[in-house]
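Undergrad: Take this sequence and fold it.
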Amino acid sequence: MNAEHGDIGFLTLPLVLLAAAVVSVPIARFARLSAIVAYLVAGIVIGPFGFGIFNTPERILTVAELGVVMLLFLIGLELELSRLLSMRRDIFGLGVAQLVLTAGAIAGLGWATGLFGWRGAIVAGLSLALSATSIALRILEERGHLQLPYGQRAFAILLFQDMAVVPLLALVPLMASAGEAKQQVTLAETASSVALVCAAIAAVVIAGRYLLNPFFRLLAWTGAREVMTAAALLVVLGAALLMQTVGMSMALGAFLAGVLLAESTYRHELEADIEPFRGLLLALFFMGVGMTIDMKIVWANLWLVVAAAVITTLLKAGIVWALFRVTCARRGEALQAGSVLTGAGEFAFVLLPLGVSLGILNSTQGSLLSAIAAVTLLIGPPFASLTEVVLRRLARANEREADDFGDAQGSVLLVGFGRFGQIVSQYLLAQEIDVMAIDLDSDMIRVAGRFGFKVYYGDGTRLDVLRAAGLDKARLIAICIDDQESCNKIVELTKVEFPGTKIFVRSFDRGHTLQLLARDVDYEVRETFESAMHFGQKTLEAMGIDADRVAIVEDFIRNRDRDRIAIQQAEGIYAGIDLLRKRPTMTPFSAPARGAKALNVEAGEIIAPDPPEGENVDA
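TA: Numbers count the residues shown, from 1 in each chain. Purely as a prediction, here's the structure:
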């Protein structure tokens, strides 16, 4: 009976922790907050300063620190040499400048106010200078700005911060030892320690370079998925344990193993195997950190926590803005970059407990700094959204008025003079058809002017601009912009205000095509359809397919696409999927109308029918 109660008690710990994660994360996502905030709050609630379900967070943190180890292994896996080389200027230029300047500014404020000693101020500055990778990337992806220049530079800063974690984890213990009177160490002991560390690093490098790929190849040959998962865990934990044995951080071993496997063919398999363990253990780690936050201290200094979080947010945004202001072509992009890098990073909650455990920070300072970091995560996304709204309003306020079109007019009004519109205009101008072109991009208009094209500045979604551009006199409007919403608005305006005008539209994708067909436009074409069709034709020809067969395939795909569009108009975007499984078939030749006629004796023998069986040919 006692054993049964013991089993129930053993299950209570994981059950409560899993329940806290399952409940808190969906609530945080609904509120558009980071999952880290959810785990920290869950830890506070169930910890010793909340409901007191767990009074010893150290029990959790000891195991959960493996989540940090696995996170650094995955970071190492992402560091492909080719990627680092292509972004080296932004990574080691902007990245270093952002971390050093931000950490220095925060540390200076902390030391000047007397809240921290110089060592504690540096730990606080380094911790809060880091940015939340998950939040920043999510904001950039939602905006669709990750591939823009400022998005790539922001990503480079995040990448450098991830790379800098291992040196920072090694630096903090050195700062602690510098402030303590330690027993004198002989030169021989120092040399022995250095030799052990170098030997351990060499062992990890040699194993990663020469042994791991053949090892994983052998395991893949067995076809046992669970063995690959076990091997992935073995590599991570083995490298971490080796480094810990020689007195270094476990994170360093895992990071080195990840870097050495970054170019491996098994990289994605390893990432998929480690990811579930990493996610679960990190959740436990952040809940453990939340349990260590003394809420009595936080509530007593709430004004200080909120004020420090706001100042930190503005300071980080301002430094990034200043750095990006030099490299960004548009002023708004520098502010956008600053707004997405304000939240404290995941590793802030690794460095701060480490500083407390080493005596650099006391427990009160650790609780306050952890609370400040958590608040920056709370206000980071709203701050980014507010910045975006302000920039949009400023852009509209500073938007120049439409050009004076004067006597300019044309049979065709072309809206959008980008890559697509430029090619369309060449067809029209080649036949000396009058074209009136308008665009919203001042840079594009200036470049077009250098090539002799007269393009007017104007917003095609405004009725007054369409009238001034002479759409009431034009026979056709060619809408060549890539913004679906604006495109649809121009179509609706033209339908209502200029009913006799033909509407030709550049469609973004199949869904947009269905929207345009529902609006009864005269012609639409998907922006990549024709180029992809031509590309496919050339690919088949390069594979040695006969030109006639290629033409049959092209006709088949065009007809199939037309049939799918018709079905989707009636039944929705997911209709007609079964048509994709059909393949083109060769049409059989029809029977000849007349028989073959020999022109000489030899030809007659060749085309002569075979005699019936048993008949003597010589007869």
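Undergrad: Every contact and neighbour count from this point should use C-alpha atoms.
TA: Will do.
Undergrad: Distance-wise, check the closest residue to L130 other than its chain neighbours relative to F116.
TA: Closest residue to L130 apart from its sequence neighbours, by CA to CA, 6 or more residues apart in numbering: G345 at 4.9 Å. Distance, G345 to F116, by CA to CA, to the nearest Å: 21 Å.
Undergrad: which of those two has more neighbours?
TA: Set G345 next to F116 and count neighbours by other CA atoms under 10 Å: G345 wins out with 27 against 21.
Undergrad: That one and L128 touch, don't they?
TA: Yes - using CA atoms under 8 Å, G345 is in contact with L128, at 7.3 Å.
Undergrad: Stretch 288-299: how far from the chain's middle?
TA: Mean-position distance between stretch 288-299 and its chain equals 33 Å (CA atoms, centre = their mean, to the nearest Å).
Undergrad: my bad, stretch 43-61
TA: Distance of stretch 43-61 from its chain centroid, counting by CA atoms, centre = their mean, is 34 Å.
Undergrad: Name the surrounding residues that touch that stretch.
TA: Outside stretch 43-61, the residues that touch it by CA atoms under 8 Å, 6 or more residues apart in numbering are 284-296.
Undergrad: Using CSV, write out every CA atom in that stretch.
TA: Provided in CSV are the C-alpha atoms of stretch 43-61 (Å, rounded to 0.1, in the frame of the first residue of the first chain):
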residue,chain,number,x,y,z
GLY,A,43,6.5,28.5,-12.4
ILE,A,44,5.6,31.5,-10.2
VAL,A,45,2.1,30.2,-9.6
ILE,A,46,3.1,26.6,-8.6
GLY,A,47,6.4,27.6,-6.9
PRO,A,48,7.2,28.5,-3.3
PHE,A,49,6.2,32.1,-3.8
GLY,A,50,2.8,31.1,-5.3
PHE,A,51,0.6,28.2,-4.2
GLY,A,52,3.7,26.4,-2.9
ILE,A,53,3.1,23.1,-4.8
PHE,A,54,6.9,22.9,-5.3
ASN,A,55,9.2,24.4,-2.6
THR,A,56,12.5,23.1,-4.1
PRO,A,57,12.9,24.4,-7.6
GLU,A,58,16.5,23.2,-7.6
ARG,A,59,15.2,19.7,-8.1
ILE,A,60,13.7,20.7,-11.4
LEU,A,61,16.5,23.0,-12.5
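Undergrad: gap between the top helix by length along the chain and the chain center?
TA: The residue-count maximum for a helix in the chain (DSSP state H) belongs to helix 363-397. Remark: helix 363-397 is offset 20 Å from the chain centroid, using CA atoms, centre = their mean.
Undergrad: Name every strand pairing with the helix or strand just after it and say which way it goes.
TA: As assigned by DSSP states H and E, the chain's next helix or strand after helix 363-397 is strand 412-415. When pairing is defined by DSSP bridges, strand 412-415 lines up against strand 435-439 (parallel), strand 476-479 (parallel).
Undergrad: contacting residues around strand 412-415?
TA: With CA under 8 Å, 6+ apart as the test, strand 412-415 has contacts from 421, 425, 433-439, 460, 469-471, 474-481.
Undergrad: After that strand, which helix or strand is next?
TA: Counting by DSSP H and E, the next helix or strand C-terminal to strand 412-415 is helix 419-430.
Undergrad: Restrict that next one to CA atoms and write it as CSV.
TA: Below are the C-alpha coordinates for helix 419-430, written out as CSV (Å, rounded to 0.1, in the frame of the first residue of the first chain):
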residue,chain,number,x,y,z
ARG,A,419,9.3,44.3,-63.3
PHE,A,420,5.9,43.0,-64.5
GLY,A,421,4.5,46.4,-65.7
GLN,A,422,7.8,47.3,-67.5
ILE,A,423,7.5,44.2,-69.7
VAL,A,424,3.8,44.9,-70.4
SER,A,425,4.6,48.4,-71.4
GLN,A,426,7.2,47.3,-73.9
TYR,A,427,4.6,45.4,-75.9
LEU,A,428,2.3,48.4,-76.0
LEU,A,429,5.0,50.9,-76.9
ALA,A,430,6.3,48.6,-79.6
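Undergrad: Could you pull up the mean pLDDT of that helix?
TA: Per-residue pLDDT values over helix 419-430 give a mean of 88.
Undergrad: which helices and strands sit right next to it?
TA: The contact analysis (3 or more CA pairs under 8 Å, 6 or more residues apart in numbering; DSSP states H and E) places helix 419-430 against strand 412-415, strand 435-439.
Undergrad: pretty sure V465 contacts Y457?
TA: No - V465 lies out of contact with Y457 (CA under 8 Å); the separation is 9.5 Å.
Undergrad: Among the contacts of stretch 43-61, name the buried ones.
TA: Among these, those classed as buried by 16 or more other CA atoms under 10 Å are L284, F285, F286, M287, G288, V289, G290, M291, T292, I293, D294, M295.
Undergrad: Would you map the helices across the stretch 401-550 of the chain?
TA: Along the stretch 401-550 of the chain, counting by DSSP state H, counting those that start in this stretch, helices occupy 419-430, 442-450, 463-468, 484-497, 510-518, 529-542, 547-571.
Undergrad: Turn the ones you listed into CSV, columns for distance to Q152 and mean neighbour count.
TA: Formatted as CSV, those follow (distance: least, CA to CA, whole Å; neighbours: other CA atoms under 10 Å):
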stretch, distance to Q152, mean neighbour count
helix 419-430, 23, 14
helix 442-450, 21, 14
helix 463-468, 35, 17
helix 484-497, 25, 17
helix 510-518, 28, 17
helix 529-542, 27, 13
helix 547-571, 36, 15
